[in-house]
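> need coordinates for the following:
(one chain, ligands or ions: 1)
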Amino acid sequence: MPAPYPTAPDNGSSGREAARSLERLRPRLRELFAAEPALWPVFDARLDRHFDRLFRTLRALYQDRYDFFWHLEQITATAARQMLARSPDLRATDATAEADFRWLRSHKEVGAVCYVDLWAGTLPDIPARLDHLRALGVTYLHLMPLLKTRQPPNDGGYAVSDYRQVEPRFGTMADLEALATTLRAEGIRLCLDLVFNHTADDHHWAQAAAAGDDEKCDYYLTFPDRTLPDRYQPHLREIFPDRGSENFLWVSSLNRYVWSTFYPFQWDLNFANPALFRQMLEEMLFLANRGISILRLDAVPFVWKEIGTPCENLPQAHLVVQALNAAVQLAAPALTFKSEAIVHPDDVVSYVSPGEAQLSYNPLLMVLLWEALATRDTSLMRHSLTKRFDLPDGTGWVNYIRCHDDIGWGFADEDCREIGIAPDDHRRFLNAFYTGRFPGSFARGLPFQDNPRTGDCRICGMTASLAGLEAATDEGDEQAVALAIRRIILMHGLVMTLGGIPLIYLCDEIAMPNDYSYRRDPDKAADARWVHRPAMDWSAPALSGSDLHEPGSQVFEALKALTALRRRHDAFDQGPITILPLDNKHLFGALKSGSEGPVVVIANFSEHPQPLDDWGVPGVLGTDTLDDLWTGRSRHFAPGLMLDAYAFHCFAPGSQP
Ligand code: OTU
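Numbers count the residues shown, from 1 in each chain. So this is what the prediction gives:
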């Protein structure tokens, strides 16, 4: 089933213009294939399919450029050259990807993410950990930024100094290529970040700019004086308020101001320059040709700036990604984009389409899981997911509980108000709860970028610590430990079954707690996100199986079983979902259906046993014998059936009457 590509916006005569321009370009592109004529028909067919989109999106972005057609040719030729540079192995994956995009929504997919150094050591050390990944059924491995980066501080690698070199501590580009090949043979796709909104201030483009290279200077957003910065600045959101609210820095080597959205050592790139667009396409395809299958498009909302706007989620940011997508479909269709847009849920969804980013993080589900865990009330989760879980065909969610970043309470204000919740008060409550300031809270999180001026604050912490395991263990409270473990399993249970690729934040699989040692490292101490970036404890009892009662072991065993459960039933594909209107607010229930029939996923977000409504689940499943696919037990439904504290169930119609 090939993916359906939407057509780009039609601005007047661009359809005919595109066709004419393709006819002009075809013979020149064909010449590039002189040494490999067999590949030309493949590329030529892709031109028929994708050139129109490429043309229209680029035209919309760069229509004012007198040299538009020259840039268009350079960009298309870059795609052609990179297709030619691709190995036969990778070209074979392209053919498969073009024929079938269904894996994006498949229940067979399980993702995991880790830092190379903290989890494994170096790139060549990763294959030794394959058994561990196999045990979790991993088919998608996201390695946190591993390209060459500036000396610390470097924002955990999000300040890239060279897109074509691996950070020497982790290995070499050859190691990365070898790893991608090994993983591919295992059926594991490799995902890397493409940090394309900015580079490190010591990237060779930045250095060339400082040495007087005007072309490279145009790769960045720079200004001779404060005139334009002063017009942009008042409309910008503070992303890292700890650094102050100023996004323009005076760089004396350039004798200019430089735009920097994140840390001052991260310089924003200028996508309004088509030469930078082409260059980034080349960097991207270079990585694709090393065997990378998924690119996580970092900070995608920020890639286009216009005076008088917040410079986030602008229509041109979408056009940039759509144009990159079209060019990638020409050169390396097996490459998939995952958008990282941690913004209003409507904006998150706006990046997701077969012709833009096929995958997207689902920050909404993530925050709603934590929200319901704190409140013990699933109202907001039900209300928001009912409106906002579906995605178009040919696209899918990447669902997660924790990642390397903070948790920002990005549910929609309007969803809150529609059910009588005051959104900002609610966020204040959640911040108090997860930093352990709220009386009775089980959580041990840290505040991140606490902004007293706006009242904004985000939360850091490992799953185990936020779910209560750290506090319970310290207090030696066995009952609280048991509840915390159940919370962790409940959340993982939902991301494994609701639909979308679950992304396990490695180290969470053995319930590792917060790591406070970052406070002693001057390069990390000011960034609380390091509290949830521990080094993997390979000596943990969970991994030797020596003590199955110990919390890490219980979580690890449950996660292995949950991924196995996910693999067994296609009801857990991404697909239609019905959120059940159960009377009991502590319970969350969703109906999914697969080739073997319906499945109802139920979770109890309360630490007390809760009755299941008498009309709910049997009504939906059409029987009152319920087979629990998760526990393997069969239950007879009777009104008032009690579900345990933090219970998780996957009920299917029972096989015995
Ligand atoms: C991303 O996050 C990365 O995930 C962070 O680790 C980086 O520091 C950052 O980019 C800069 O490269 O604001 O708090 O809407 O929310 O891109 C994290 C997207 C962030 C942003 C997101 C950003």
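> and the strands in the stretch 151-300 of the chain?
Taking DSSP state E, counting those that start in this stretch to define them, one finds strands in the stretch 151-300 of the chain at 160-166, 189-194, 198-200, 222-223, 248-251, 256-259, 266-268, 294-297.
> quick one: buried residues of the third one?
Same thing as strand 198-200. Of the residues in strand 198-200, those scored as buried under the neighbour-count criterion (16 or more other CB atoms under 10 Å) are 198-200. To be clear about C-beta, it is placed using only N, CA and C from the backbone, and glycine gets the same treatment.
> buried residues, the biggest helix by length in the chain. List them.
Longest helix of the chain, by residue count under DSSP state H: helix 40-62. Neighbour counts using 16+ other CB under 10 Å place 40, 42-43, 46-47, 50-62 of helix 40-62 among the buried residues.
> quick check: closest non-adjacent residue to the residue of the stretch 301-450 of the chain found nearest the ligand.
Of all residues in the stretch 301-450 of the chain, residue 342 sits closest to the ligand, at 3.6 Å by CB to the nearest ligand atom. With sequence-adjacent residues excluded and distances taken as CB to CB, 6 or more residues apart in numbering, residue 342 is closest to residue 363, at 5.1 Å.
> got it, and residue 265?
residue 201 (4.7 Å).
> so that neighbour makes contact with residue 262?
No. Counting by CB atoms under 8 Å, residue 201 does not reach residue 262; the two are 11.6 Å apart.
> any idea how far residue 581 is from residue 199?
Using CB to CB, to the nearest Å, one obtains 49 Å as the distance from residue 199 to residue 581.
> check contacts around the nearest residue to residue 407 once chain neighbours are set aside.
Distances taken as CB to CB, 6+ apart place residue 459 nearest to residue 407, at 4.4 Å, with adjacent residues excluded. Under the criterion of CB atoms under 8 Å, 6 or more residues apart in numbering, the contact list for residue 459 reads 370, 406-408, 430-431, 434-435, 445-448, 466.
> near the ligand, list only the ones from these.
Restricting the contacts of residue 459 to those near the ligand by CB under 6 Å from any ligand atom leaves residue 406.
> take the contacts of residue 459 and keep only those in helices.
If you go by DSSP H, the contacts of residue 459 have 370, 430-431, 434, 466 in helices.
> can I get those residues in JSON lines with pLDDT and neighbour count?
Rendered in JSON lines, the data for the ones in helices among the contacts of residue 459 read as follows (pLDDT from 0 to 100; neighbours: other CB atoms under 10 Å):
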{"residue": "370", "pLDDT": "98", "neighbour count": "25"}
{"residue": "430", "pLDDT": "97", "neighbour count": "24"}
{"residue": "431", "pLDDT": "97", "neighbour count": "22"}
{"residue": "434", "pLDDT": "98", "neighbour count": "28"}
{"residue": "466", "pLDDT": "98", "neighbour count": "33"}
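> any chance of the residues you listed in a markdown table with distance to residue 527 as columns?
Putting the ones in helices among the contacts of residue 459 into a markdown table (distance: CB to CB, whole Å) gives the following:
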| residue | distance to residue 527 |
| --- | --- |
| 370 | 21 |
| 430 | 21 |
| 431 | 18 |
| 434 | 18 |
| 466 | 18 |
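> what is the nearest of those residues to residue 119?
Taking CB to CB as the measure, residue 119 sits nearest to residue 466 out of the ones in helices among the contacts of residue 459, at 19.9 Å.
> I'd say that closest one and residue 445 touch.
Yes. Here residue 466 lies in contact with residue 445, judged by CB under 8 Å, at a distance of 5.2 Å.
> hey, what's in contact with both of those two?
434, 459.
> from the ligand, how far out is residue 626?
41 Å (CB to the nearest ligand atom, to the nearest Å).
> which strand residues bridge that residue?
Listed beta-bridge partners, residue 626: residue 635, residue 653 (assigned using DSSP bridges).
> just checking, it touches residue 638?
No. Between residue 626 and residue 638 there is no contact under CB under 8 Å: 10.8 Å.
> and the residue nearest to residue 52 when sequence neighbours are not counted, what is it in contact with?
Once its chain neighbours are removed from consideration, residue 52 has its nearest residue in residue 18; the separation is 4.8 Å (CB to CB, 6+ apart). Residue 18 makes contact with 51-52, 55-56, 59 under the criterion CB under 8 Å, 6+ apart.
> now for those, which pair is the farthest apart?
51 and 59 (11.7 Å).
> can you give me the strands in the stretch 351-500 of the chain?
Applying DSSP E, counting those that start in this stretch to the stretch 351-500 of the chain gives strands spanning 359-361, 396-400, 446-451, 456-460.
> adding mean pLDDT and distance to residue 591, write these out as JSON lines.
As requested, the strands of the stretch 351-500 of the chain are arranged in JSON lines below (pLDDT from 0 to 100; distance: least, CB to CB, whole Å):
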{"stretch": "strand 359-361", "mean pLDDT": "98", "distance to residue 591": "23"}
{"stretch": "strand 396-400", "mean pLDDT": "98", "distance to residue 591": "18"}
{"stretch": "strand 446-451", "mean pLDDT": "92", "distance to residue 591": "36"}
{"stretch": "strand 456-460", "mean pLDDT": "94", "distance to residue 591": "31"}
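> in JSON lines, list those along with distance to residue 553.
Written out in JSON lines, the entries for the strands of the stretch 351-500 of the chain read as follows (distance: least, CB to CB, whole Å):
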{"stretch": "strand 359-361", "distance to residue 553": "29"}
{"stretch": "strand 396-400", "distance to residue 553": "23"}
{"stretch": "strand 446-451", "distance to residue 553": "27"}
{"stretch": "strand 456-460", "distance to residue 553": "26"}
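> of all these, which one is nearest residue 613?
Across these, the minimum distance to residue 613, taken as CB to CB, is reached by strand 396-400, at 26.2 Å.
> tell me what the closest one is packed against?
Other helices and strands packing on strand 396-400, by 3 or more CB pairs under 8 Å, 6 or more residues apart in numbering; DSSP states H and E, are strand 359-361, helix 363-375, strand 501-505.
> contacts for the shortest one next, please.
Think strand 359-361. Contacts of strand 359-361 from elsewhere in the structure, counted by CB under 8 Å, 6+ apart, are 104, 294, 336-342, 348-349, 351-352, 391, 395-398, 400, 403, 501.
> next to the ligand, which bits of this protein? Give me the list.
Taking CB under 6 Å from any ligand atom as the contact definition, the chain meets the ligand at 155-156, 158, 195, 239, 262, 298-299, 301, 340-343, 404-406.
> need the max-distance pair from these.
Longest span within these, CB to CB: 156 and 343, 20.5 Å.
> OK, contacts around the nearest residue to residue 39 once chain neighbours are set aside?
Excluding the flanking residues, the one nearest residue 39 by CB to CB, 6+ apart is residue 33, at 5.7 Å. By CB under 8 Å, 6+ apart, the contact set of residue 33 is 39-40, 43, 80, 84.
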